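Visitor: Give me coordinates for this.
(one chain, ligands or ions: 2)
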Amino acid sequence: MKRSRAKAKRKARTLTTREAKALRIALDSTAFRLEATQDLARVGDWELDRHSGRMRWSRQLFRLFDRPESLGVPDINEALGYFGPASLERTRDAFWQAIDTGKRCALEQEVILPSGQRRHHLTAIVPVSDDHGQVYRLYGTVQDITERRQLEVERLEHLARLETLSRHLVVIEERERRELASALHDRASPNLAALRILFANLVQALPPAVHAEVQPMLDDAAALLADTTAGIREICTNLRPATLDYGGLGPALNEYVTQFRQRTGLDATIEVAPGTDTRTLALASKTLCFRLVQEALTNCAKHAHAGAVHIRLEREGDHIRLTVADDGVGFDLSRLGEAGSTPGLGLITMRERVELAGGRFRLRTRPGDGTEITVALPCLPQTTASQEPTK
Ligand SMILES: Nc1ncnc2c1ncn2[C@@H]1O[C@H](COP(=O)(O)OP(=O)(O)OP(=O)(O)O)[C@@H](O)[C@H]1O
Ligand SMILES: [Mg+2]
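Guide: Numbers count the residues shown, from 1 in each chain. Ligands and ions are numbered 1, 2, ... in the order given. Presented below is the predicted three-dimensional model:
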C-alpha cells in the first residue's frame, strides 16, 4: 500500500525546470520539422469540432488556400466557400459520410483561390468517435495535387493521341498490303499466264527429236513456272485475302488454313461453331481476325514444334470469339524479353490491335503445355450490321 502510494506520488510529481525546458525544446523541434515537412510536401492538416463547427488549420493549409493568416481560421461554412460547385457537393457528402459511418474517406476537390486560380486538392477525412460511437471531431490532411493532375491529364491526352496514331497505322498498313497485292498481281500474274501459253506453244513447236532430248529441262521449267505462279498467288492471298471480300471470314480462313497445312505439314483444322454469323463483325474486325490467325499460325510453325493446331470461331453473347490452340512446347510468358533475347512484336501487336478494336485478348501457355490464344471481338449493333457488306 505504502509502496503504491509512493509510486503514484512519483508519477504525479511536477517537472523540474530543466526537464520542462528540454521537453519544450523537443516539442518545438518536432513542430518545426512537421511544418517543414508539410511545406515540402505541400500538405496541410486541419481539425474540426463537429458541434461548434470551429476549425484548426496548420500554417501550410493557409498557404494551400492562399489565405492570409491574419484572417484567422475560417469556420466550416466559410471553408466550404473555397470549393467549386461540383466539389462543394462532394465535400459535404464526404463529411457526412465520415460522420455517419465513422470511417475515414478521401476525395479530390477543385479549389478556387481568392485570386481566381483553380487548384486541385486531395483531402483525407478521419473521424474521431466517443465511447458511444458518436463522431465528435474530424481531422484530416489536404494535399495540393494540381501538378500531378495536370501530368495525368497530359498522359491521358498522349495515350489518346497514341491510340489514334495506332488506329491510323493499322489502316495504312492494310491499305499498303492491298496496294502491294494489286501491284504484284497486275504486274506478275498476266505475264506469268502469257509465259505459260508461250511455253506450251514452244513445246508444241519443237521437233520430236529435240523435244525428247530436252524433255527433262522442259519438265523443270514447267514446274518452276507452276511454282512461281502458286507462290505469287499465295503472297497475294496473304497480303490481301480476296476471299475475305468475296466469301467472308470463314471461307477466307479455310483457304488460308488449307494453304498453311500444305506448306507446313502441320495438322491445322478450323471449326466454325453452329450459329456463328461472322457477318455481324465489322469489316475491320474480320480483317483483324484474319491477321491474328496468320500471326498465330506463323508462331506455331516457327516456335511450337506442334503436331496439331486448332482454330475455332464461335458466338459468345455480343462478341465473336476466336481461339487458336496448339499442342506444342508452350513457353514461359514471364521470360519474354529477358536480357539476351530480342523480343518479337507478334504477340504485342496482336494484343494492341484487339484492344484498339474494343476486344479482349488472352494468352494461355506453359512450358510443355501448348499455347492458346483467345480473342473476343464485339459484334456490330443490329442496325449497323445490316448496313455492312454481307460477307
Ligand atoms: N505458339 C507458340 N509456341 C511456342 N512459343 C511461342 C508461340 N508463340 C509465341 N511463342 C514465343 O513467344 C515469343 C514471342 O512471340 P512473338 O510472335 O511476339 O515474336 P516472334 O514470333 O519471335 O517475332 P515476330 O512475330 O516479331 O516475327 C516467341 O519468340 C516464342 O518464344
Ligand atoms: Mg511472331
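Visitor: Tell me where the model's unsure across the protein.
Guide: Scanning the chain for pLDDT under 70 picks out the ranges 1-12, 339, 382-391.
Visitor: ok and the residue in it nearest ligand 2?
Guide: In the chain, the residue that lies nearest ligand 2 is residue 346 (2.6 Å; C-beta to the ion). For glycine as for every other residue, the C-beta is placed from the backbone atoms N, C-alpha and C.
Visitor: Could you double-check that that residue lies in contact with residue 300?
Guide: No: applying C-beta atoms under 8 Å as the test, residue 346 and residue 300 come out as separate, 11.0 Å apart.
Visitor: Counting neighbours, go ahead and name the busier of those two.
Guide: residue 300 (25 against 16; other C-beta atoms under 10 Å).
Visitor: residues in contact with that one?
Guide: Listed by C-beta atoms under 8 Å, 6 or more residues apart in numbering, the contact partners of residue 300 are 266, 306, 309, 324, 326, 328, 371.
Visitor: could you redo the last one with a cut-off of 6 Å?
Guide: 306, 309, 326 (C-beta atoms under 6 Å, 6 or more residues apart in numbering).
Visitor: Could you tell me whether residue 377 really is in a strand?
Guide: Yes: per DSSP: H, G, I helix; E, B strand; the rest coil, residue 377 lies within a strand segment.
Visitor: how near is the nearest residue to it once chain neighbours are set aside to residue 235?
Guide: Taking C-beta to C-beta, 6 or more residues apart in numbering as the measure, residue 377 lies nearest to residue 359, with 4.1 Å between them; neighbours along the chain are not counted. Noted for residue 359: a distance of 28 Å to residue 235, by C-beta to C-beta, to the nearest Å.
Visitor: now the strands for this structure?
Guide: Using DSSP state E, the strands of the chain run over residues 43-49, 55-57, 105-112, 118-129, 135-144, 267-272, 308-316, 319-326, 360-365, 371-378.
Visitor: Distance to residue 250 and mean neighbour count for those strands - can I get that in TSV?
Guide: As requested, those are arranged in TSV below (distance: least, C-beta to C-beta, whole Å; neighbours: other C-beta atoms under 10 Å):
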stretch	distance to residue 250	mean neighbour count
strand 43-49	61	18
strand 55-57	69	17
strand 105-112	50	17
strand 118-129	52	18
strand 135-144	57	18
strand 267-272	5	17
strand 308-316	7	18
strand 319-326	11	22
strand 360-365	21	15
strand 371-378	15	21
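Visitor: Direction-wise, compare the longest helix along the chain with strand 105-112 and give the angle.
Guide: In the chain, assigned by DSSP state H, the helix with the most residues is helix 146-205. Here helix 146-205 points in a direction 100 degrees away from that of strand 105-112 (axes from the mean of the first three to the mean of the last three C-alpha atoms, to 10 degrees).
Visitor: Check which helices and strands helix 146-205 is in contact with.
Guide: On a contact count with 3 or more C-beta pairs under 6 Å, 6 or more residues apart in numbering; DSSP states H and E, helix 146-205 meets strand 118-129, helix 208-239.
Visitor: by how many degrees do that helix and strand 118-129 diverge?
Guide: Calculated by the same axes, to 10 degrees, helix 146-205 forms an angle of 120 degrees with strand 118-129.
Visitor: switch to numbering from 383
Guide: Let's use 383 as the start, then, which means that last one is helix 528-587.
Visitor: Now do helix 528-587: distance to the chain's middle.
Guide: Here helix 528-587 is found 25 Å from its chain centre; the criterion is C-alpha atoms, centre = their mean, to the nearest Å.
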